[in-house]
Structures are given as C-alpha cells and as structure tokens.
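Trainee: here is my input; please provide its structure:
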Amino acid sequence: VLVPRLIANKALRLVRGPYLQIGTPTSMRVRWRTDVEQGSRVLYGTDPQNLTSWVEDPTWTTEHELILTGLEPGTRYYYAVGSPDEVLAGGPGVRGLPDD
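Mentor: Numbering: from 1, shown residues only. All right, here's what the predicted structure looks like:
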C-alpha cells in the first residue's frame, strides 16, 4: 500500500537547540528539533569562516541527532546545523553549504 505524503511549501524552522551531548575527546553528539520533517546536516571545522567538514543523514525527522567523530582532542570546533539544503543555526561566517 502506498500512502502519499502531502508536503506543504512551509519554511523549515528551528524550534529547539542546537545543543551538544555525550562528548568524548574525539567525538560529539549534536541535537536539534525542527517544526517540519527534513534531513539533517552538521557543518563543522576549526575556522568559523570556513566549515569544511560535514556529517549528514537524509532520513526525514523533526528530532535531529548526528555524531561528529574523528575530532582532535583539545581543539576548538565551530558548527552549524540544518538540512542538506539550508543552514538553520551556526556561528559567524556560515554562508552556505559545501559543494558535494
């Protein structure tokens, strides 16, 4: 049985977070909530003007949770959260998404 999903042309909004959880010396969990279902993406890097790394999950959800791994201990990282198509919250200098 196929059930169609009606998707309105509604702007995606951040309704909770982002916040960090369960950090280790080399990893960090990032969570946030949106008002409509969408895929998840976290951009991150050591320069707030140039977030060159990212992790992504295309699964549609309103409860977003991604884990950043391979981080260098004792290093400050900057991050931005959103969908694969749009940044919803992030530090200064976040102006778009990297080319895939």
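Trainee: buried residues in the lowest-mean-pLDDT helix or strand in the chain?
Mentor: Ranking every helix and strand in the chain by mean pLDDT, DSSP states H and E puts strand 86-90 at the bottom, with a mean of 86. Buried residues in strand 86-90, counting neighbours by 16 or more other Cβ atoms under 10 Å, are found at 87-88, 90. No exception for glycine: its C-beta is placed from N, CA and C like everyone else's.
Trainee: in which helix or strand does Y79 reside?
Mentor: Assignment of secondary structure by DSSP states H and E places Y79 within strand 78-83.
Trainee: send me the strand ranked longest in the chain as CSV with only the CA atoms.
Mentor: The single longest strand within the chain, with elements called by DSSP state E, is strand 27-45. This file holds the C-alpha atoms of strand 27-45, laid out as CSV (Å, rounded to 0.1, in the frame of the first residue of the first chain):
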residue,chain,number,x,y,z
SER,A,27,33.5,12.9,19.2
MET,A,28,30.4,15.0,20.0
ARG,A,29,26.7,14.4,19.6
VAL,A,30,24.7,17.4,18.1
ARG,A,31,20.9,17.5,18.5
TRP,A,32,18.2,19.9,17.4
ARG,A,33,14.5,20.0,16.6
THR,A,34,12.6,21.4,13.7
ASP,A,35,9.0,22.2,13.1
VAL,A,36,8.7,20.0,10.0
GLU,A,37,10.5,16.8,8.9
GLN,A,38,13.7,17.2,6.9
GLY,A,39,17.1,15.5,6.6
SER,A,40,19.9,16.5,8.9
ARG,A,41,23.3,18.1,8.3
VAL,A,42,26.0,19.4,10.6
LEU,A,43,28.8,21.5,9.1
TYR,A,44,31.9,21.9,11.3
GLY,A,45,35.5,22.9,11.4
